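In: okay, sequence plus prediction incoming.
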Amino acid sequence: MSFITIQNLRKTFGDFQAVKDLSLSIEKGEFISLLGPSGCGKTTTLQMIAGFLSPTSGSVSVNGKDITGMRPEARGMGIVFQSYALFPHMTVAENVGFGLEMRGVPKSERQSRIEETLSLVRLDGLGKRYPAEMSGGQRQRVAIARALAIKPEVLLLDEPMSNLDAKLREEMHVELRMIQRRLGITTILVTHDQVEAMTMSDRIAVMHGGRIVQLATPYEAYEHPISRFASGFLGKTNSFDGQIVNQDDSHHHVQIHPDYTVAIARTRDFTCKKVQVNIRPEKIRLDSTLGQGLAGTVTTRLFLGANWMLDVDTTLGTLRVSVPNKNAYAPEEGTQVSVLWEDSDLRLVEAGDEA
């Protein structure tokens, strides 16, 4: 039996359906990310799990116990908000110990728990400081420590790193994941940041229009998206409109241009002949040897540090190509090139498919 079971969860606000019959099973110690754009229903889902919102219908169970009607404070969940929600008039130690005090934990035990938790998030010796005296990264650690001090069964994270700069956010991804693994705490993260979700999660629930449109490991979600939305939202992709003109036991043969047909592994069947063919920018190769592959002209070349990002005009349209900054061929703007890829790197979804 799964540790957390969310069954047919639905939330409406008037005529608007924010969450539509969402079901999800989460194992004990698992790290799940609810990933999607603003308005997809991910935060509303988290608030129903936390008890801040009552579902219109459906249920939430933890360790076999239905908690749908329980008050938030009775659910035993640790929560880290986007704003951190620290008390400015309290010291770091007082902030971390607040939940313990509310639960009637004796002062002596409270102090040892505070010190233990501050050590866990690498804030040893900073308990007497106030939030205003700390950096953004330190304040975020305080918020995490406060959530963990009560030793919750479940940790809920609501866009907790959106206020940090890029470098610090990357460091906190690694640090929080290490803490989560060390404690073995079941964790649900709400984020719109694809890199954040892929870096930290065991599985990603890609959400769109109040529903989960794909649930998979980060690798599977990125490499094998099952819908147009999932493919476009989880990383950059090049898309071609195509039509299945033939298929055999192992491949779909898809025409993406009057003079261009590709063979794509047959991993699923489609109800419609019209499809969309996708390929990630890093799967495309450029070659200076003309006459092979697809002819193109480089129109834009941007240096991004770890890689070059190029736009290449071809008969199939403009293709985005990522070239690693590792002595690889990165032609200048205006250069004619050959564009190549392996058909095994092409991915197929139904045209207009969002489910």
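Out: Received the coordinates, thanks.
In: what's in contact with the helix or strand encompassing residue 99?
Out: Assigning secondary structure by DSSP states H and E places residue 99 in helix 92-102. With C-beta atoms under 8 Å, 6 or more residues apart in numbering as the test, helix 92-102 has contacts from 73, 78, 86-87, 90, 109-111, 113-114, 117-118, 123, 126-131, 134, 142, 145-147, 149-150. Where C-beta positions appear, they are placed from N, C-alpha and C, glycine not excepted.
In: those in helices, which ones?
Out: Judged by DSSP state H, helices contain the following of the contacts of helix 92-102: 109-111, 113-114, 117-118, 142, 145-147, 149.
In: from those, which is closest to residue 32?
Out: residue 147 (16.4 Å; C-beta to C-beta).
In: and the closest residue to that closest one other than its chain neighbours, what is it in contact with?
Out: In space, and not counting its chain neighbours, residue 147 is closest to residue 78: 3.3 Å by C-beta to C-beta, 6 or more residues apart in numbering. Going by C-beta under 8 Å, 6+ apart, residue 78 touches 99, 146-148, 150, 152, 154-156, 185.
In: a markdown table please, covering these and showing neighbour count, distance to residue 164 and pLDDT.
Out: As requested, the contacts of residue 78 are exported to a markdown table (neighbours: other C-beta atoms under 10 Å; distance: C-beta to C-beta, whole Å; pLDDT from 0 to 100):
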| residue | neighbour count | distance to residue 164 | pLDDT |
| --- | --- | --- | --- |
| 99 | 21 | 23 | 86 |
| 146 | 27 | 17 | 91 |
| 147 | 22 | 17 | 91 |
| 148 | 23 | 18 | 91 |
| 150 | 20 | 24 | 89 |
| 152 | 19 | 23 | 92 |
| 154 | 22 | 23 | 95 |
| 155 | 22 | 18 | 95 |
| 156 | 23 | 18 | 96 |
| 185 | 20 | 21 | 95 |
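In: need the contact list for the residue located most distally from the centre of the chain.
Out: Largest separation from the mean C-alpha position in the chain: residue 291, at 40.4 Å (C-alpha atoms, centre = their mean). Contacts for residue 291 were tallied using C-beta under 8 Å, 6+ apart; they are residue 338.
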